[in-house]
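Colleague: Just a sequence and a predicted model for now, questions to come.
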Amino acid sequence: MTRSLNLDQLATLTAVAELGSFSAAARRLNLSQPAISLQIRELETRFGVRLLERMGKTAYPTEPGRALIAHAAQIAAACEETTAAMRRFRDGWLGRVHIGTTLTALMYSLPALLRRLRADHPGLELVVTNMATRDSVDGVLQNRLDLALVTLPVDEKNLIATPLRDEKLVALLPADTPNPPDVVTPAYAASMPLVTEHQRGAVYRLVNAWIAPYLPLPIKPMEIGTIEAAKRGVAGGLGISFVPDVAAEPMADVIVRPIAPEVPCTLGLIQHRNKPDSPALAIVRQALLSIQTAGARRLAARKRHPAAPEPLDMDEAPASVSDGANHGPAAGGALSS
C-alpha cells in the first residue's frame, strides 16, 4: 500500500525552494539542518527524482521539484479550508440553508428578515438566490434549494406549500393614459400595449391566463425582463403592466388600478416533503413563516382603510438588489418572480 504524503516534508521542500538555503529553511521551521536534509532525501527517495539542485551555495528546485511544490501549495490550501470548516463547527456553525425567492419577496419581505437572522444566529450560513417560481420549484424538487418563496399555486405532490401572504395583481397604467378606467378588465387590457416580465415569471403566466379569451393580442406584448423593469417601462409610457399589489408603491408617472376579475398571486413557502430537518433549516423556516404575521397586519390595515395607500411594514421595507451580487450572506442570480 502506498504511504500517505508527509505534509511536513512538502512544507520543508517549499521553504528550501523559497529561501534557497537548507539552513535558512531550518531556522524558519525551527528544525536542525540535518533534519531538513533528511526530509528532502526521503521525498526524493519516495518519488525517485531529484527535487533540488545546488548552484554555488543556493538551492534551486528542479523541474520535478517545481511541479511538486505547485501541488504542495494546492494541498496546503485544501488543508487550510478543512481546518477552517472544522473550526466553524467548533465555534457554533449551525449549517447552510439555500433559499430561492421571487424578486418581489426579495425586495419587499426579505431584507429585514435576513438582517434579523444574521444578528440572532451568526453561525447560520444563508445563500439567497433570486429566481422564477418555476425554477425554484425545480430547485427544491432536485434538492438544489432547501426552501423557496414562490408565487402560488404550486401543484407538486412532493412539495409542502404553505401560503404566507395573500396578494393580488393590480394594473399599472402610464399617467398620461386617456380616460383611465376605474377598474381594468381583460377586454381593456387587450386593447392596450402590454409590458410584461419574462415568460418564465409567475405573473406572466397569471396574466396570460386572465387575458386568454383575447389572445392573440392585436399588439404583441413587450417582454422587458422583470416586474421592476416593467414598472419603469410603464412610467416611461411604453404601455400597461400588472404587478402584485405589494410591489405597487406610488410612482409619479404611474396610475394604479384594481383589476376585475381579481387574480390572486399568493406568496408561499415550499419545501420538499422528504427533506431531512436540521437546526439551521428549522430556524430559517420559522423566520420565513413569520411573513404570515406581517401579511395579516397588512390585510387588517387594508380592511380598515380600503381607499388609503398601504404603508409597507418595516419588516417589508424594500431593498436594492443587483444581479449576481451578494445580499448579506446570500448570493443572487437572475432577477425573477
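Modeller: Sure, I can see it.
Colleague: Can you list the strands that the helix or strand hosting residue 169 pairs with?
Modeller: Taking DSSP states H and E as the definition, residue 169 sits inside strand 169-174. Applying DSSP bridges, strand 169-174 is found paired with strand 241-244 (antiparallel), strand 254-258 (antiparallel).
Colleague: For it, C-alpha coordinates in CSV please.
Modeller: Extracted C-alpha coordinates of strand 169-174, given in CSV (Å, rounded to 0.1, in the frame of the first residue of the first chain):
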residue,chain,number,x,y,z
LEU,A,169,-52.5,41.6,-9.2
VAL,A,170,-53.1,45.3,-9.9
ALA,A,171,-52.8,47.1,-13.1
LEU,A,172,-50.3,49.9,-13.8
LEU,A,173,-51.1,52.5,-16.4
PRO,A,174,-49.0,55.4,-17.7
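Colleague: C-terminal to that strand, what's the next element?
Modeller: Beyond strand 169-174 toward the C-terminal end (DSSP H and E), the next one is helix 186-190.
Colleague: can you pull the buried residues of that next one?
Modeller: 186, 188-190 (16 or more other Cβ atoms under 10 Å). From N, CA and C alone the C-beta is placed, and that goes for glycine too.
Colleague: what's the burial count for residue 119?
Modeller: 8 (other Cβ atoms under 10 Å).
Colleague: Shouldn't it be within a strand?
Modeller: No - membership of residue 119 in a strand is not supported by DSSP: H, G, I helix; E, B strand; the rest coil, which gives helix.
Colleague: ok so, going back, closest one of the buried residues of helix 186-190 to residue 29?
Modeller: Among the buried residues of helix 186-190, residue 189 lies closest to residue 29 (Cβ to Cβ), at 75.5 Å.
Colleague: before we move on, back to that, which one of the buried residues of helix 186-190 sits closest to residue 47?
Modeller: Distance to residue 47, by Cβ to Cβ, is smallest for residue 189 among the buried residues of helix 186-190, at 74.1 Å.
Colleague: Name the nearest residue to the closest one, ignoring sequence neighbours.
Modeller: Take residue 189 and drop its neighbours on the chain: the residue closest to it by Cβ to Cβ, 6 or more residues apart in numbering is residue 211, 5.8 Å away.
Colleague: Surely that neighbour and residue 191 touch.
Modeller: No - applying Cβ atoms under 8 Å, one finds residue 211 not in contact with residue 191, separated by 10.8 Å.
Colleague: out of the two, which sits in the busier spot?
Modeller: Applying other Cβ under 10 Å to residue 211 and residue 191 shows that residue 211 carries more neighbours, namely 19 against 14.
Colleague: for that one, what are its contacts?
Modeller: Neighbouring residues of residue 211 by Cβ atoms under 8 Å, 6 or more residues apart in numbering: 186, 189-190, 217.
Colleague: Same list as before, those residues that is, but in a markdown table and with distance to residue 107 included.
Modeller: Formatted as a markdown table, those follow (distance: Cβ to Cβ, whole Å):
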| residue | distance to residue 107 |
| --- | --- |
| 186 | 27 |
| 189 | 24 |
| 190 | 29 |
| 217 | 28 |
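Colleague: and which of these is nearest residue 4?
Modeller: For the contacts of residue 211, the residue nearest residue 4 by Cβ to Cβ is residue 217; the value is 68.4 Å.
Colleague: mind listing what that closest one touches?
Modeller: Applying Cβ under 8 Å, 6+ apart, one finds that residue 217 lies in contact with 190, 194, 211.
Colleague: Out of the residues you listed, which comes closest to residue 9?
Modeller: Distances from residue 9 to those, taken by Cβ to Cβ, are shortest for residue 194, at 69.6 Å.
Colleague: how near is the residue lying closest to the closest one once chain neighbours are set aside to residue 276?
Modeller: The shortest distance from residue 194 to any non-neighbouring residue, by Cβ to Cβ, 6+ apart, is to residue 221 (4.1 Å). As judged by Cβ to Cβ, to the nearest Å, residue 221 and residue 276 stand 43 Å apart.
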